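Asker: missing the sequence, but the structure's below:
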């Protein structure tokens with residue numbers, strides 16, 4: 001593990017590194033700049049689960065909302081069954097879903 005705080009006050013925590021500070025090398029998985037910018041690939045903030053490509057929050061009833069880095073937003077979505085989904089290209093599905101048009 002490598003932990004590094006540079007002379008500007010930036011903090012890095014990495015999965016690999018050396019303790020030789022003259023040739024410090026690391027692969028940061030978590031960092032905070034002196035200005036407060038946070039970088040992480042997983043975790044939780046205010047009840048939101050952070051993944052490497054999404055944010056998701058679920059309430060005590062199991063209802064959830066999902067934001068994906070591909071532009072998809074969804075809530076309680078199961079295709080053709082329940083919930084809703086809006087894709088970045090504008091496709092949307094709202095359930096209950098039916099392929100039949102009203103008469």
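Answerer: Good, I have the coordinates. In this text, all values refer to a predicted model and were calculated from it rather than measured experimentally.

Asker: Can you give me the distance of residue 54 to residue 45?
Answerer: According to Cβ to Cβ, to the nearest Å, residue 54 stands 13 Å off from residue 45. Any C-beta I mention is one placed from the backbone N, CA and C, and that applies to glycine too.

Asker: quick one: which of those two has more around it?
Answerer: More crowded of residue 54 and residue 45, by other Cβ atoms under 10 Å: residue 54, with 15 against 11.

Asker: Report the spatially nearest residue to the more buried one, omitting neighbours in sequence.
Answerer: Sequence neighbours aside, residue 68 is the residue nearest to residue 54 in space, at 4.7 Å (criterion: Cβ to Cβ, 6 or more residues apart in numbering).

Asker: can I assume the one you found is in contact with residue 77?
Answerer: No: the pair residue 68 / residue 77 is not scored as a contact, 11.2 Å apart, by Cβ atoms under 8 Å.

Asker: between those two, which one's more packed in?
Answerer: Each of residue 68 and residue 77 has its neighbours counted (other Cβ under 10 Å); residue 77 has more, 19 against 16.

Asker: Parallel or antiparallel, list what pairs with the helix or strand where that one lies.
Answerer: For residue 77, the host element (DSSP states H and E) is strand 73-78. Taking DSSP bridges as the criterion, strand 73-78 forms sheet pairs with strand 64-68 (antiparallel), strand 82-86 (antiparallel).

Asker: quick one: contacts of the first one?
Answerer: With contact meaning Cβ atoms under 8 Å, 6 or more residues apart in numbering, strand 64-68 is reached by 53-58, 72-77.
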